[in-house]
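Sharing a model that was predicted from the sequence below.
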Amino acid sequence: MGTCSSCFVLVSIGSAGASCIGFYLPYWIKGVISGPNEPSPLKTFFSTFRRCNFPQLSADQTDIVIERECGRYSSFSDIPSVWWQLATLVVGFGSALTLFAAVMSFLACWINDMWTRLFIRGLGLLHLGAGLLITLGLLLHPLGWDAPEVTQACVSSSKYHLGNL
């Protein structure tokens with residue numbers, strides 16, 4: 001294995017790690033919410049399928065309480081916007097593609113004569129496809145900024161305009 005393929009493996013692993021971490025972490029949008037029993041406003045965070053510090057009905061279904069934790073939406077249909085649902089699928093598939101390409105390039109380090117021109121082009125196409133999918137997901141995400149959860153946390157938000165804290 002040459003220096004060029006070693007560098008490709010490291011860049012592949014780095015890009016896969018960055019895309020997967022970015023997809024999973026809920027810090028895409030930062031807003032502020034306040035609950036009826038909260039003394040001061042709380043910071044809230046959203047991504048396409050995760051959120052932190054969110055309002056929820058209490059156990060007896062009578063009050064709204066602020067959950068001070070990060071978590072996923074209960075089901076795919078609970079994601080507040082169709083655009084966020086689509087962005088979740090597109091960015092998730094793009095992250096999976098780049099992770100697959102990184103694993104393939106890492107495993108190829110121990111197989112003799114694996115680094116052929118066809119293999120390298122295939123890995124490059126996988127990374128290109130993953131990058132295009134992630135970019136598409138990032139372009140779709142702002143279309144959901146007019147969802148009620150976001151407009152409550154970021155005052156006067158709309159598509160491609162996030163509003164104020």
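On my side now, so go ahead.

Please work out which residues outside stretch 91-104 touch it.
Contacting residues not belonging to stretch 91-104 are listed as 9, 12-13, 15-17, 19-20, 23, 48, 123, 126-127, 129-134, 136-138 [C-beta atoms under 8 Å, 6 or more residues apart in numbering]. For the C-beta atoms, the positions are set from N, CA and C on the backbone; glycine is no exception.

just the helices in this protein please.
Using DSSP state H, the helices of the chain run over residues 3-24, 82-107, 117-140, 148-153.

what's the last one packed up against?
Packed against helix 148-153 by the contact rule (3 or more C-beta pairs under 8 Å, 6 or more residues apart in numbering; DSSP states H and E) you find strand 29-33, strand 42-46.

now that helix: mean pLDDT?
Summarised as a single mean, pLDDT over helix 148-153 is 82.

What of the second one?
For helix 82-107, the mean pLDDT works out to 94.

Identify whichever of the helices and strands packed on helix 148-153 lies nearest to W145.
For W145, the closest of the helices and strands packed on helix 148-153 is strand 29-33, at 7.6 Å, according to C-beta to C-beta.

Export the helices and strands packed on helix 148-153 as CSV, with columns for mean neighbour count and distance to S81.
Putting those into CSV (neighbours: other C-beta atoms under 10 Å; distance: least, C-beta to C-beta, whole Å) gives the following:
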stretch, mean neighbour count, distance to S81
strand 29-33, 19, 12
strand 42-46, 19, 10
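
so which of those gets nearest Q85?
The nearest among these, by C-beta to C-beta, is strand 42-46 at 13.4 Å.

closest one to S74 among the helices and strands packed on helix 148-153?
Using C-beta to C-beta, the nearest of the helices and strands packed on helix 148-153 to S74 is strand 42-46, at 15.2 Å.

packing partners for the closest one?
Against strand 42-46 (3+ C-beta pairs under 8 Å, 6+ apart) you get strand 29-33, strand 50-57, strand 64-72, helix 148-153.

is it true that C52 touches L42?
No: C52 is beyond contact range of L42, at 9.2 Å (criterion: C-beta atoms under 8 Å).

returning to what we had before: mind putting the helices of the chain in JSON lines, distance to K30 and mean neighbour count included?
Below are the helices of the chain laid out as JSON lines (distance: least, C-beta to C-beta, whole Å; neighbours: other C-beta atoms under 10 Å):
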{"stretch": "helix 3-24", "distance to K30": "15", "mean neighbour count": "15"}
{"stretch": "helix 82-107", "distance to K30": "16", "mean neighbour count": "20"}
{"stretch": "helix 117-140", "distance to K30": "16", "mean neighbour count": "16"}
{"stretch": "helix 148-153", "distance to K30": "8", "mean neighbour count": "18"}
